[in-house]
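Asker: no letters, just coordinates:
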C-alpha cells in the first residue's frame, strides 16, 4: 500500500497542513506557559487546593522556562532566526510552498514563545499570586488566541495568493 499517494505535498491545500495548524494553535491557546487553562478555570471556581496547585504549576513552569532560556536562549534565538529567514527566503524567492507554509506556522509561534518568556520574567519579578495571577494567565491566553487567529487568517490569505500566483492569475 502506497501511503505517500494519499498525502498531498502542496502544503497549503493539504488537509494535513490545516490539521497541524489547527491542532498547534489549539494547544498553544490551551497551554499558557505550560499551564492548562482548565487549571485556571478550576482554581477560579473551586478555590482552595486548586489555587495552590495552579500556583505550583506556574512556579514550576516559570522556573523551567527561565532556566532553559537563561542558559541557551541567545543560541536558540539565533538558530530560530536563521531557520525563519531560510524558510522565508525559500518560500518567497524560490517559490517553495512547503517552506513558506512552515514559515507561516513557525513565525507566529516564535512570537508566542517570545511573549511567554517575557511573561515568565514578569511572573518571577512581580510575584503574582491568587486572583491577579489567574487574571494575567487569562490575558496571556487571550493574546495567544489572538495571535493564533491572525496567523490562521494570514495562512489562508497566503494560501490563496500562492495558488493564484501559481495559476498565473497574479
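Answerer: That came in fine, so what should we check first? Predicted model only: the values in this text are computed from it and were never measured.
Asker: next up, the contacts around the residue nearest to the spatial centre of the chain.
Answerer: Computing the C-alpha centroid of the chain and ranking residues by Cα atoms, centre = their mean puts residue 109 first, at 3.3 Å. When the contact criterion is Cβ atoms under 8 Å, 6 or more residues apart in numbering, the partners of residue 109 are 24, 28, 151. Where C-beta positions appear, they are placed from N, C-alpha and C, glycine not excepted.
Asker: wait, a helix at it?
Answerer: Yes. Assignment of residue 109 by DSSP: H, G, I helix; E, B strand; the rest coil places it within a helix.
Asker: low-confidence ranges in this protein?
Answerer: Within the chain, the stretches with pLDDT under 70 are 1-10, 170.
Asker: related to what we said a few turns ago, what's the spacing between the residue nearest to the centre of the chain and residue 79?
Answerer: When distances are taken as Cβ to Cβ, to the nearest Å, residue 109 and residue 79 turn out to be 14 Å apart.
Asker: which helix runs longest in this structure?
Answerer: In the chain, taking DSSP state H as the definition, the longest helix is helix 49-92.
Asker: summarise which helices and strands that helix is packed against.
Answerer: If contacts are counted by 3 or more Cβ pairs under 8 Å, 6 or more residues apart in numbering; DSSP states H and E, helix 49-92 sits against strand 35-36, helix 37-46, helix 97-126, helix 130-166.
Asker: can you redo those as JSON lines with distance to residue 68?
Answerer: Putting those into JSON lines (distance: least, Cβ to Cβ, whole Å) gives the following:
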{"stretch": "strand 35-36", "distance to residue 68": "16"}
{"stretch": "helix 37-46", "distance to residue 68": "22"}
{"stretch": "helix 97-126", "distance to residue 68": "10"}
{"stretch": "helix 130-166", "distance to residue 68": "19"}
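Asker: wait, which of the ones you listed is closest to residue 70?
Answerer: Closest approach to residue 70 among the helices and strands packed on helix 49-92 (Cβ to Cβ): helix 97-126, 9.9 Å.
Asker: list the buried residues in the closest one.
Answerer: Applying a neighbour-count criterion of 16 or more other Cβ atoms under 10 Å, the buried positions in helix 97-126 are 97-106, 108-109, 112-113, 116-117, 119-120, 123.
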